[in-house]
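Chemist: here is my input; please provide its structure:
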Amino acid sequence: PYVYIDLSGWSPKYFPPQLVRYANTLLKDKVLFGSDYPMITPDRWLADFDELEIKAEVRPKILKDNAVRLLGLGAQERTTEV
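Modeler: This is a model prediction of the structure:
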């Protein structure tokens, strides 16, 4: 449960088909965005990512939601005592 994969270090256009298939299914909650800036700019990475056959409901998980959950950055209810 504590193992994730980040996609930095290579352009999405070079992702093997197996990675795309598993990112859409078994690993959809375990894949994290990464750009490898300055070698690959975020704009280029995202443009190449847009060309992949990643399901619409999986894209936000890879680009943000999985990292928010992993790093505990989600909105938490705060209780204040008066």
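Chemist: next secondary structure after the longest helix belonging to the chain?
Modeler: Across the chain, the longest stretch assigned as helix under DSSP state H is helix 42-50. Remark: after helix 42-50, the chain's next helix or strand is helix 59-60, criterion DSSP states H and E.
Chemist: need the next SSE after that next one, C-terminal direction.
Modeler: helix 66-71.
Chemist: and the contacts of stretch 37-47?
Modeler: If you take Cβ atoms under 8 Å, 6 or more residues apart in numbering as the criterion, stretch 37-47 is touched by 10, 11, 12, 35, 36. In short, each C-beta sits where N, CA and C put it, glycine included.
Chemist: using CSV, list the CA coordinates for that stretch.
Modeler: Provided in CSV are the C-alpha atoms of stretch 37-47 (Å, rounded to 0.1, in the frame of the first residue of the first chain):
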residue,chain,number,x,y,z
TYR,A,37,12.0,20.0,-15.5
PRO,A,38,14.1,21.5,-17.0
MET,A,39,14.8,18.6,-19.4
ILE,A,40,11.1,18.3,-20.1
THR,A,41,9.0,21.4,-19.4
PRO,A,42,5.7,20.9,-17.7
ASP,A,43,3.9,22.3,-20.8
ARG,A,44,5.5,19.7,-23.1
TRP,A,45,4.9,16.9,-20.6
LEU,A,46,1.2,17.9,-20.3
ALA,A,47,0.8,18.2,-24.1
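Chemist: so how far is it from its chain's centroid?
Modeler: Chain-centre distance of stretch 37-47: 14 Å, with Cα atoms, centre = their mean, to the nearest Å.
Chemist: for it, the averaged confidence score.
Modeler: For stretch 37-47, the mean per-residue pLDDT is 92.
Chemist: quick one: buried residues of that stretch?
Modeler: For stretch 37-47, the neighbour count (16 or more other Cβ atoms under 10 Å) marks 40, 45 as buried.
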